[in-house]
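J.: Test case, fold it:
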Amino acid sequence: MNIEDKYQYVVRQVGESDDGEPEFEDWTAVGITEGRYRGVIYKYGKVSVPEEENEDGTLPLSFEYDIVSTNGHPEDYFEEDFDTLVGDILVDIIDKDVNVDDDRTDSTQ
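T.: Residues are numbered from 1 along each chain as shown. The predicted structure is shown next:
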């Protein structure tokens with residue numbers, strides 16, 4: 001299963017407009033759709049990339065996140081594999097954004 005199958009973007013409805021259309025808050029979170037953490041919703045905070053590679057050639061991301069909804073799980077339910085999962089999802093999101101930007105650049109040349 002691809003990582004992109006394990007999450008979706010989530011927005012929060014805050015009411016309805018006068019014409020009955022839903023109104024949404026101006027933030028986007030990520031909802032996990034598969035596995036142990038299915039139903040958990042979180043949003044990313046500060047994300048940074050170091051300027052230089054590690055000695056082993058890796059360039060690890062540093063990021064913060066806030067859990068918006070634990071889907072009823074206690075705090076101690078969340079283990080290191082959750083951090084790994086949200087990191088993998090972040091890499092997928094960034095990769096897709098870079099590819100979209102590359103496509104826009106290619107089409108304007």
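J.: lowest-confidence helix or strand of this protein?
T.: Lowest on mean pLDDT, DSSP states H and E among the helices and strands of the chain sits strand 13-16, with a mean of 68.
J.: For residue 6, which non-adjacent residue is spatially closest?
T.: Excluding the flanking residues, the one nearest residue 6 by C-beta to C-beta, 6 or more residues apart in numbering is residue 34, at 4.5 Å. In this view, the C-beta of every residue, glycine as well, is placed from N, C-alpha and C.
J.: now that neighbour: how far from residue 17?
T.: Here the criterion is C-beta to C-beta, to the nearest Å. By it, residue 34 lies 34 Å from residue 17.
J.: quick one, which of the two is more surrounded?
T.: residue 34 (12 against 8; other C-beta atoms under 10 Å).
J.: That one against residue 5, yeah?
T.: Yes: using C-beta atoms under 8 Å, residue 34 is in contact with residue 5, at 6.4 Å.
J.: Could you count how many residues lie near residue 7?
T.: 23.
J.: Could I get the phi/psi values of it?
T.: Main-chain dihedrals, residue 7, degrees, to the nearest 10: phi -150, psi 160.
J.: just residue 30 next, same as before
T.: phi -120, psi 130.
J.: list the contacts for it?
T.: By C-beta atoms under 8 Å, 6 or more residues apart in numbering, residue 30 lies in contact with 7-10, 41-44, 86, 89, 93.
J.: cutoff 10 Å now
T.: 6-10, 40-44, 65, 68, 86, 89-90, 93 (C-beta atoms under 10 Å, 6 or more residues apart in numbering).
J.: how close does it sit to residue 18?
T.: From residue 30 to residue 18 the distance is 31 Å (C-beta to C-beta).
J.: repeat for residue 12
T.: From residue 12 to residue 18 the distance is 20 Å (C-beta to C-beta).
J.: More neighbours: which of these two?
T.: Neighbours per residue, other C-beta under 10 Å: of residue 12 and residue 18, the larger number sits with residue 12, 12 against 5.
J.: Now do the helix or strand containing residue 85, average pLDDT.
T.: Residue 85 belongs to helix 80-107 when assigned by DSSP states H and E. The pLDDT scores in helix 80-107 average 80.
J.: Many thanks, we can stop here.
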